[in-house]
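Colleague: predicted model and sequence below, questions to follow.
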Amino acid sequence: MTDKTPYTMSESKDAGVYTPDGGHKSSGNVKIHVSHLQKVFGKLEVLKDISTDIYEGEVVVVIGPSGSGKSTFLRCLNRLEEITGGIVEVDGVDIVGKKTDINRVREHVGMVFQHFNLFNNLNVLDNLTLAPVELKKASKEEARSDAVRMLARVGLEDKAGAYPSQLSGGQKQRVAIARALCMHPDIMLFDEPTSALDPEMVGEVLQVMKQLAAEGMTMVIVTHEMGFAREVSDRVLFMDGGYIVEEGTPQEVILNPKEPRTKDFLDKVL
Amino acid sequence: MGMIITKYGAVLMRAMGQTLLLALLGLFFACIIGMIFGLMSVIRNKPCNIIAMIFVDGIRGVPMIVLAYFIYFGIPYLLNNTFKIGVTLSALQAGTICLALNCGAYMAEIIRAGIQAVDIGQMEAARSLGLPYWKSMRRVVLPQAIRMMIPSIINQFIITLKDTSILSVIGFPELVNRAKGVVANTFMSFETWGIVAVMYLIVILALSRCAKILERRLNHDR
């Protein structure tokens, strides 16, 4: 699939990874630049001042108590929430810029939701091919063969004809990941992807995510799965009260938190 | 009874045909009006929301018989006498407008409620893939909304079909209007109105059955 849009960056997948021994590789491309992001709902200030950069190939996990603004932060990255203040740039494109077509930006930023949000009126295959076909990214045949490939990747090639209501939670979430992958995004956002799952189905979804991370996908993941965060992430952001309170490698933030609020939170969830 | 059927059966059947014609025309335009105002009330645009609200509240707040008199007599009178524009509406035209407006207002509410009943996550998921708002609406939200709306829409169709009888007051030759004539000629009130009631009943039962079948068809993936 050729891509003529200005939103794709270089091919170097391993560049810019936040290595455990500290620091970004200097050649790393910034995929998402967030500066002084602020989000207000009515009188409620959910995000007060968030600044961070997410590098190509990096897996960033966002943790924090409920109401800390993690999901809102994630939803601001693809403008599902209108930002109140600050800057969010995806591949150097200001997502609220006057000349920015947000739909073009979103084509390159896949999102996976807590409640899967599969299109209930479409079967699995049509869920996967709807956007590529509608947006003329691929012909119907191309999109179909691509979709079958993606389904195989998440281990659900036999479910192409099923409707969402016929799938288990874990299967739905894997289909949702495959659906996002069909747009060939170079960034994936995960909003508590396992929180609505029965415990026995969490593993299969995390497995798919691990595989994605291993392939070098840039990922931002809001989750409560500390084990997963420790194992897979390059960097952990701990959010509380609308700020990033602490950030660093999982070893730093999860195993040796410095901030009292981080310690407090981790004591409760671990 | 037999006499009514043999002598006036054809008249009443023709009148039923007129009733159905009026209902179909009215419903057709009501669907368009309902879709327009229904969508206007869900999109994020204050002026559109307000226009839709005024339309729905305005139409719902006026009895249909008043609306019928107003459209059939009131508006042409105003145009002829005040603006000196010679306009006459046929009873069918006025009746269709009246039904379309009245039913359209209720349809707008059904459509609004139907769209709002679709989980917001469906729209968000579609948008997150880069689909524009209207594409997401058309391919993802509306198909699900319409499925949920069907029982209410059928209910509204039935109400509108019966409401055509109100338009007997502007002289449209539908079933009630004609039945009045039959009663005037025969003085057989009981038989005539009994037959008319059964005729309505049969048509509406048939409509309900079709609706049930349609509903089952659309729910194949549930």
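Modeller: Looks like it arrived, so ask away. Numbering: from 1, shown residues only, chains lettered A, B, ... in the order given.
Colleague: output the below-cut-off pLDDT ranges for chain A.
Modeller: Applying pLDDT under 70 to chain A flags residues A:1-27.
Colleague: residue of the stretch 151-270 of chain A nearest chain B, please.
Modeller: Chain B sits closest to A:Tyr163 of the stretch 151-270 of chain A, with a gap of 3.9 Å, by CB to the nearest CB. Bear in mind the C-beta positions are built from the backbone N, C-alpha and C, glycine included.
Colleague: pretty sure that residue is touching A:Leu125, no?
Modeller: No - using CB atoms under 8 Å, A:Tyr163 is not in contact with A:Leu125, being 10.5 Å away.
Colleague: can you tell me how far A:Asn29 is from A:Val90?
Modeller: According to CB to CB, to the nearest Å, A:Asn29 stands 12 Å off from A:Val90.
Colleague: I misspoke; the intended subject was A:Val59.
Modeller: In terms of CB to CB, A:Val59 sits 17 Å off from A:Val90.
Colleague: go on, B:Ala94?
Modeller: From B:Ala94 to A:Val90 the distance is 57 Å (CB to CB).
Colleague: phi first, then psi, for B:Gly61.
Modeller: Here is the backbone geometry of B:Gly61 (degrees, to the nearest 10): phi -80, psi 0.
Colleague: for B:Arg14, same thing?
Modeller: Dihedral angles for B:Arg14 - degrees, to the nearest 10 - are phi -60, psi -40.
Colleague: that one: what's it in contact with?
Modeller: B:Arg178 (CB atoms under 8 Å, 6 or more residues apart in numbering or on different chains).
Colleague: now swap in the one 3 residues further on and tell me
Modeller: Applying CB under 8 Å, 6+ apart, one finds that B:Gly17 lies in contact with no residue.
Colleague: so A:Ser233 is in contact with A:Pro250, correct?
Modeller: Yes - counting by CB under 8 Å, A:Ser233 touches A:Pro250, with 5.3 Å between them.
Colleague: so for these two, which sits in the more crowded spot?
Modeller: Counted by other CB atoms under 10 Å in any protein chain shown, A:Ser233 and A:Pro250 do not tie: A:Ser233 has more neighbours, with 25 against 21.
Colleague: so what's the more buried one up against?
Modeller: Contacts of A:Ser233 (CB under 8 Å, 6+ apart): A:Val59, A:Val60, A:Val61, A:Ile221, A:Pro250.
Colleague: next, check the residues you listed against the strands and list the overlap.
Modeller: Those of these mapping onto strands are A:Val59, A:Val60, A:Val61, A:Ile221, per DSSP state E.
Colleague: now, which of those sits nearest chain B?
Modeller: Nearest to chain B among the ones in strands among the contacts of A:Ser233 is A:Ile221, at 15.1 Å by CB to the nearest CB.
Colleague: count of residues packed around that closest one?
Modeller: Per other CB under 10 Å, the neighbour tally for A:Ile221 reads 28.
Colleague: what bridges to it?
Modeller: Using DSSP bridges, the bridge partners assigned to A:Ile221 are A:Val61, A:Phe190.
Colleague: wait, doesn't it sit right on A:Lys210?
Modeller: No - here A:Ile221 lies out of contact with A:Lys210, judged by CB under 8 Å, at a distance of 11.0 Å.
Colleague: the ones in strands among the contacts of A:Ser233 into CSV, with extra columns for distance to A:Ala214?
Modeller: CSV is the format used below for these (distance: CB to CB, whole Å):
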residue, distance to A:Ala214
A:Val59, 10
A:Val60, 16
A:Val61, 15
A:Ile221, 14
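Colleague: now the buried members of these.
Modeller: Applying 16 or more other CB atoms under 10 Å in any protein chain shown to the ones in strands among the contacts of A:Ser233, the neighbour count classes A:Val59, A:Val60, A:Val61, A:Ile221 as buried.
Colleague: tell me how far A:Gly64 lies from chain B.
Modeller: 21 Å (CB to the nearest CB, to the nearest Å).
Colleague: assign B:Phe55 to helix, strand or coil.
Modeller: helix (DSSP: H, G, I helix; E, B strand; the rest coil).
Colleague: show me which residues of chain B sit near chain A.
Modeller: With CB under 8 Å from any CB of the partner chain as the criterion, chain B meets chain A at residues B:119, B:121-122, B:124-132, B:135, B:139-140, B:143-144, B:147, B:221-222.
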